[in-house]
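J.: Fold the following.
(4 chains)
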Number of protein chains: 4
Amino acid sequence: MPEYPTALGASTPTSITLLGHDLASEVMGEVGFGELAFWLAAQRRPSPGETRVFEAVLAALADHGFTPTAIVTRLTYLSAPDSVQGALAAGLLGGGSRFLGVTEDCGRFLHEVVAAQDPLPGDDAGWDELALRTVRARRQQRRLIPGLGHHVHKDGDPRTPRLFEIAAEEGLIGPHLSLFAAIGRVHPAVLNRTLPLNGAGVCGAALADLGLPLELLRGFALLARTAGLIGQLAEELRRPVANEIFLSVDLNNRSIPPEPFPTGESHG
Amino acid sequence: MPEYPTALGASTPTSITLLGHDLASEVMGEVGFGELAFWLAAQRRPSPGETRVFEAVLAALADHGFTPTAIVTRLTYLSAPDSVQGALAAGLLGGGSRFLGVTEDCGRFLHEVVAAQDPLPGDDAGWDELALRTVRARRQQRRLIPGLGHHVHKDGDPRTPRLFEIAAEEGLIGPHLSLFAAIGRVHPAVLNRTLPLNGAGVCGAALADLGLPLELLRGFALLARTAGLIGQLAEELRRPVANEIFLSVDLNNRSIPPEPFPTGESHG
Amino acid sequence: MPEYPTALGASTPTSITLLGHDLASEVMGEVGFGELAFWLAAQRRPSPGETRVFEAVLAALADHGFTPTAIVTRLTYLSAPDSVQGALAAGLLGGGSRFLGVTEDCGRFLHEVVAAQDPLPGDDAGWDELALRTVRARRQQRRLIPGLGHHVHKDGDPRTPRLFEIAAEEGLIGPHLSLFAAIGRVHPAVLNRTLPLNGAGVCGAALADLGLPLELLRGFALLARTAGLIGQLAEELRRPVANEIFLSVDLNNRSIPPEPFPTGESHG
Amino acid sequence: MPEYPTALGASTPTSITLLGHDLASEVMGEVGFGELAFWLAAQRRPSPGETRVFEAVLAALADHGFTPTAIVTRLTYLSAPDSVQGALAAGLLGGGSRFLGVTEDCGRFLHEVVAAQDPLPGDDAGWDELALRTVRARRQQRRLIPGLGHHVHKDGDPRTPRLFEIAAEEGLIGPHLSLFAAIGRVHPAVLNRTLPLNGAGVCGAALADLGLPLELLRGFALLARTAGLIGQLAEELRRPVANEIFLSVDLNNRSIPPEPFPTGESHG
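T.: Reported below is the predicted structural model:
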C-alpha cells in the first residue's frame, strides 16, 4: 500500500494540525492570512518583516481594474451564476505568460544570473558591473529584459520605489532586488533609452529574495488576484457591467465570409 | 459608448489607486493581505477585530490535507506542469456544494432565519427559543441543518469553540453566530442525538456576521483554499506523490463490459 | 487493495480497447466522432438515426457567435497564449445555468412530467391534454416553462422545427419531444400569448428521447461548445479581436468611490 | 465604435447562420459532428476522406482509461456535483505538455522540418534521407524526438499503423506523415534501438497533414478528450469510484514534519 506523506493539514477525531501546529490554538487568531500563505508555501514561518514585504507584493498584484482576468470572471458569473468557483477559476486561467507572467519571468531571470555568480557583488558598483554584463549579453541575444518597461507607467511605476523602500525598511534587500535595482541604473547606457522597472518585475525580485519557490512565483500573483477577483464579483453583484460588456461586443459583431485556413506546407 | 464604473483598481501614467486610495503609499506596506481581501469584497476597511476574525476563518479553511481539491491540483500539475494557473483553477473547481459548500449554505440558512426575525432575541434564552423553532421546522421538512455534524470530528470540531472565542474577544458575536450557538445547544432535544457544530458552518456564520456578501461566502473559502493549494504544489515539487496516486488507480483498474444506459422512460 | 472497474479505455502492451472493442481495428476509421461521443456516454452504440439526431443537436449548440463563453475564451487566450487548455476550460465554465443550462433544464422538466405519467398518451390529443395540465400547474406556481421563449427569435427559433423534422425522419419522436411539441401548441391558451419553443429546449427534449443521462445533458451542450470554442480560437489567431474587446472596456472604465457593503441584517 | 468581424455563428430574428450557411437547413442533419469541428477550425468544409482521418484521430485520443484527467474529472464531480462544466473544465486543464502535449509537439516538430525543406522529397528514399539528417541533428542536440517511444506499447502502438492505413486509403499521406514514417524506419540506425512511433505522435502528424492550425493541435486532443470525460462522468454516475480513490489517498496519508524551503541563492 503506498503512503502519501504531507506536512500540511492533518486531522484526527479530536484534533486538526497544520504544518505541525495545532490549528485551533496555534494558528487561528494567531497567524495572519498573508503570513499563513507564506508559511504553507515555504514550510517555515516568515518573520514579521518577511510577512510585510510579502503582503506588500500581494497588494501590488491584487487588482488592476478591468483586466482580461476581471472581465472574464464577470462574464463567466453572468453566464453561470450558480458557480462562483467557476467564475474565479476562469479568471485565474488568464494568469499566464502575458499578463501575470512577468512576476515569474523576472524572478527566474534574476535568479539565473544570481545563481551563476560566486561570490556575489559586495556593493552597488559590483552590482552595476554585473547588471551591465547581463543587459549587454541579453541585448546581443536580442532578448527583452523581464521587468523592464511598462505600457502605461512610462516614466516610472509607482509600486517599484515603494517596494524597494519597504524591503529596505525590513532589511530584506537580497541579491535579486539588488540586481534588479542595478539593471534600473545601468540599462540606459546600453539600450540608449530609459525604461521603468515595472511593478510586476519588482514583485518577482522581492519574492525570489524571500526564498519562495521560483516555480510558483506565478502562484503568488494568482493568490493576490483571487482576492481581487472576489472584489470584482462583489462589485458585479451590486453594479453589474458584464451584460453590457457582452452586448457591446455582440451588438457590434459583423458577419464576414469564412476564410479557409491555408492547407499544405504554407500554414503555421 | 458605454461606461464601466468601478471603485477597484485604476491607474494613470503616474499613479495607481485601489479602492480610492493610493496603492503605493497607502496600501502597500500598510494593509495586510487578509485585511485587503475583506476591503476589496466589502468596499470598506475592516477594523482590526474584524480582520482577526476574518483571518481566523481563512486559516480554518486553508488546507485539510489530501482532499479531492488537493489531489486534483497535484494531478493536474503532474499532467500539465507548464500551467500553474491550470493546476490551481482545477483544484478550485472542486469547491462546490459538497466539500466547500457548507460555509455558504450555513451562512445563508442562518441569514434566512435572522432576516425574518424582527426584533432579534436579546438574550440566550431568546436565541434558544428561535433555534428550537428553527430546528423543529427543519426537521418536519426532513431537511438537514447546514453546519451540524462532521464525519470525523464526531465529538466536536476543534475549530468551532476557537472561532466563537476569537469572535467574542473582538466583540463580534452577531446574530448569525448567536443563532448557530443556540442551535448547538437545543438540537439534541429535537433530534435525540448530539451533533457537533462543524468548522465550515461556524465559518459561514462568522462571515455572515462580518457583513460580507452571502452570495460570495463560498468565494472566501476558495481564497483560503488557494493559499492551501499553493502549499500543496510547493510540497509536490519537493515530495511528489501525484504520479504514485495516478498509478495506484491506473494499475488497479479492472476492465468490465459496457453496461448500456437504460433507454426509455426508466432513466434518470 | 481497491479495484476500479471501467468499461472505457484500457490497454495492454499490445492492444488498446475502448468500450470492449479493439480501438485500432473496430473504432478508428469505423466510428464517427458524434457516434463515439454517444457511445461513450450511453455505453451502447447508437443507430445511424440516433447518431443523426444527436449530431443535429450538437450542430445546433456548437456556436452562437460572440457569446460570453466565446469572449471569455478569446480573452483568456490573449492573456495566457501558452495554455490552449486554459482558454477552452475558461470558456466552458460559462456553461452554467443561464446560457447553456436551458438544454438540461428543459430535458429534466419534461422528464419529470413524462416519468410521472403512466400510461403515456397515445395521440396528439392526449399529449395536448397533458401539456395543458402541465402548463397550468406551472403557471399556478408562477414558474417559467423551460424551453419556451427566446429573446431574439421571438416569432420562432429556426432550429426547432428542423430538429422535429430530423427526429421524425428517423422515427425518433419520443415522449419528451411529443410533450414539448404539445406545450408549443397549447400554451397560448393558458398564457394568453404565443412564445416560440427555443432551440436549446428542443435539444434537451431530443437528448432525453435518445435516452442519454439527464444529469449530463449540459455536458453534451459543452461538448458541442468545445468545437465552437476551438473555432473561436482559430479565428482569433487570424483575425484577433480580444485585445480590442479588452481595450473597449478598460478605456471606458470610470473610477467611482467605494460603496461600502451594508453590514448587519440588511445584507443579502 | 469598434466592430468585431466573425465568420462563425450569427443570427437575426428569423435566421441563424454558421460559417455562412443556414444552420437549420444546411448544417443540422447534414453535417456530422467531426466534420463540423473541422469546418469550424479550418473555415473550410473537409472532404469525406479528410473527415474520416480527422475522426480516426479523435477516436484515438478520446479516452485512455484512468488517466490523471479522468481521475480529476471524477474527483471534481464528487466535490462539486452541481457543476458538470467545472468537472469537465478541471479534467481538460490536465491537457498540457506532459499528457496531451505530444500530439502538438510532434505536429510542430515535423512541420518545422517540412517547412524548411524545398523541394520536398519525392520518394521514400528521399524521406529516409531527410529523416536521417533530422534524427542525427536532434541527437546531437541531445533532444528527444517527439512521437517516438511509449511507456506501455514498447513494441508498437496499435494506433499508429492503423492511422497510416486510413490516411493511405483516403489518399491523405502528406509530408508530415511521410516524414514521421521515415523517422520510424531510420531512427534505429542512429539511436541503436528501435522505438515505436506512438499514437499521440501519429495523430499530430495526421492533423498537420490535414492543414489544421498547428497552434491548436492540442485543442483537437482536448475536443476528443471532452467526449471521453463525459463518458467518465456517465460511468461515475452509475459505478462511482471517485470517493474510493479519495479515501485511498486520504486514509494513507502520513503526517511528517515541515521541511523548510531553503532560503538564499541555493533555491530553485
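J.: drop to CA atoms for contacts and neighbour counts, all remaining ones
T.: Fine.
J.: The host helix or strand of residue A:88 vs chain B: in contact?
T.: Using DSSP states H and E, residue A:88 maps to helix A:84-92. Yes. Helix A:84-92 reaches chain B (Cα under 8 Å from any Cα of the partner chain) through A:84, A:85, A:86, A:88, A:89, A:90, A:92.
J.: Got the confidence number for the fourth one?
T.: Each residue has a pLDDT score; the one for residue A:88 is 98.
J.: these two touch, right, it and residue A:230?
T.: Yes. Contact status for residue A:88 versus residue A:230: in contact at 7.4 Å, counting by Cα atoms under 8 Å.
J.: out of those two, which sits in the more crowded spot?
T.: residue A:88 (33 against 28; other Cα atoms under 10 Å in any protein chain shown).
J.: ok, which stretches of the stretch 151-268 of chain A are strands?
T.: A:253-255 (DSSP state E, counting those that start in this stretch).
J.: got the residues of it near chain C?
T.: Residues of the stretch 151-268 of chain A lying near chain C (Cα under 8 Å from any Cα): A:245, A:246, A:249, A:250, A:253.
J.: Next, the contact list for the closest residue to the last one other than its chain neighbours, please.
T.: If the residues on either side of it in the chain are set aside, residue A:253 comes closest to residue D:4, at 4.5 Å by Cα to Cα, 6 or more residues apart in numbering or on different chains. Neighbour list for residue D:4: A:249, A:252, A:253, A:254, C:241 [criterion: Cα atoms under 8 Å, 6 or more residues apart in numbering or on different chains].
J.: which of these are buried?
T.: When the contacts of residue D:4 are checked for burial by 16 or more other Cα atoms under 10 Å in any protein chain shown, the buried set is A:249, A:253, C:241.
J.: any idea which of those is closest to chain B?
T.: Set against chain B, the nearest of the buried ones among the contacts of residue D:4 by Cα to the nearest Cα is residue A:249 (11.2 Å).
J.: Hmm, residue C:245 and that closest one touching each other?
T.: Yes. Under the criterion of Cα under 8 Å, residue A:249 makes contact with residue C:245 at 7.1 Å.
J.: out of the contacts of residue D:4, who's nearest residue A:115?
T.: residue C:241 (41.3 Å; Cα to Cα).
J.: Now the closest one: closest residue in space that isn't a chain neighbour?
T.: residue D:4 (6.4 Å).
J.: and stretch A:92-102, anywhere near chain C?
T.: Yes. With Cα under 8 Å from any Cα as the criterion, chain C is reached by stretch A:92-102 at A:93, A:94, A:95, A:96, A:97, A:98, A:99, A:100.
J.: Lowest-confidence entry in those?
T.: residue A:99 (75).
J.: So it versus residue A:201, what's the distance?
T.: Relative to residue A:201, residue A:99 is positioned 12 Å away (criterion: Cα to Cα, to the nearest Å).
J.: Neighbour count for these two, which is higher?
T.: Neighbour count, other Cα under 10 Å: between residue A:99 and residue A:201, residue A:201 has more, with 26 against 17.
J.: and the more buried one, what is it in contact with?
T.: Counting by Cα under 8 Å, 6+ apart, residue A:201 has contacts A:102, A:103, A:105, A:106, A:107, A:146, A:147, A:148.
J.: what sits against the fourth one?
T.: The reference is to residue A:106. Neighbours of residue A:106 in contact, by Cα under 8 Å, 6+ apart: A:145, A:146, A:147, A:201, A:202, A:204, A:205.
J.: so what's the closest residue to the third one other than its chain neighbours scoring on pLDDT?
T.: What sits nearest to residue A:147 in space, not counting adjacent residues and going by Cα to Cα, 6+ apart, is residue A:201, at 4.0 Å. Note for residue A:201: predicted pLDDT of 97.
J.: Starting from chain D, give me the distance back to the residue lying closest to residue A:176 once chain neighbours are set aside.
T.: Excluding the flanking residues, the one nearest residue A:176 by Cα to Cα, 6+ apart is residue A:205, at 5.1 Å. The gap separating residue A:205 from chain D is 12 Å, by Cα to the nearest Cα, to the nearest Å.
J.: With residue A:41 instead?
T.: Taken as Cα to the nearest Cα, the span from residue A:41 to chain D is 8 Å.
J.: Next, the contact list for that residue, please.
T.: Here residue A:41 is in contact with A:212, A:213, B:227, B:230, B:231, B:232, B:234, B:235 (Cα under 8 Å, 6+ apart).
J.: and if you look at residue A:206?
T.: A:53, A:54, A:57, A:167, A:173, A:176, A:177.
J.: which stretches of chain A form helices?
T.: A:33-42, A:48-61, A:68-79, A:84-92, A:101-115, A:124-140, A:159-169, A:175-191, A:199-209, A:217-238, A:242-250 (DSSP state H).
J.: Pick the most deeply packed of those helices.
T.: helix A:84-92 (a mean of 32; mean count of other Cα atoms under 10 Å in any protein chain shown).
J.: Now find how far off-centre that one is within its chain.
T.: 18 Å (Cα atoms, centre = their mean, to the nearest Å).
J.: burial measure for residue A:214, as a count.
T.: Residue A:214: 20 neighbours (other Cα under 10 Å).
J.: Excluding chain neighbours, what is closest to residue A:134?
T.: residue A:113 (7.6 Å).
J.: What score does that neighbour have for pLDDT?
T.: pLDDT at residue A:113 comes out at 97.
J.: What distance do you get for it to chain D?
T.: For residue A:113, the distance to chain D - Cα to the nearest Cα - is 10 Å.
J.: before we move on, what about residue A:130?
T.: 16 Å.
J.: what does residue A:145 give?
T.: 20 Å.
J.: Identify the residue nearest the geometric centre of chain A.
T.: Closest to where the C-alpha atoms of chain A average out (Cα atoms, centre = their mean) is residue A:221, at 3.1 Å.
J.: Report the contact partners of the residue lying closest to residue A:69 once chain neighbours are set aside.
T.: With sequence-adjacent residues excluded and distances taken as Cα to Cα, 6+ apart, residue A:69 is closest to residue A:91, at 4.5 Å. Remark: with contacts taken as Cα under 8 Å, 6+ apart, residue A:91 is in contact with A:68, A:69, A:70, A:71, A:72, A:73, A:229, C:76, C:90.
J.: got a markdown table for those residues, with distance to residue B:33 too?
T.: What follows is those, written out as a markdown table (distance: Cα to Cα, whole Å):
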| residue | distance to residue B:33 |
| --- | --- |
| A:68 | 23 |
| A:69 | 20 |
| A:70 | 19 |
| A:71 | 23 |
| A:72 | 23 |
| A:73 | 21 |
| A:229 | 14 |
| C:76 | 26 |
| C:90 | 26 |
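J.: Chain D: which of those is nearest?
T.: Closest to chain D, out of all of those and judged by Cα to the nearest Cα, is residue C:90, at 7.3 Å.
J.: Provide a list of residues in contact with the closest one.
T.: A:89, A:90, A:91, A:93, C:69, C:72, C:73, C:76, D:89.
J.: so the fifth one sits right up against residue A:78, yeah?
T.: No. Because the distance of 10.1 Å does not satisfy Cα under 8 Å, residue C:69 is recorded as not touching residue A:78.
J.: can you list residues touching both of those two?
T.: Common neighbours of residue C:69 and residue A:78 (Cα under 8 Å, 6+ apart) are residue C:94.
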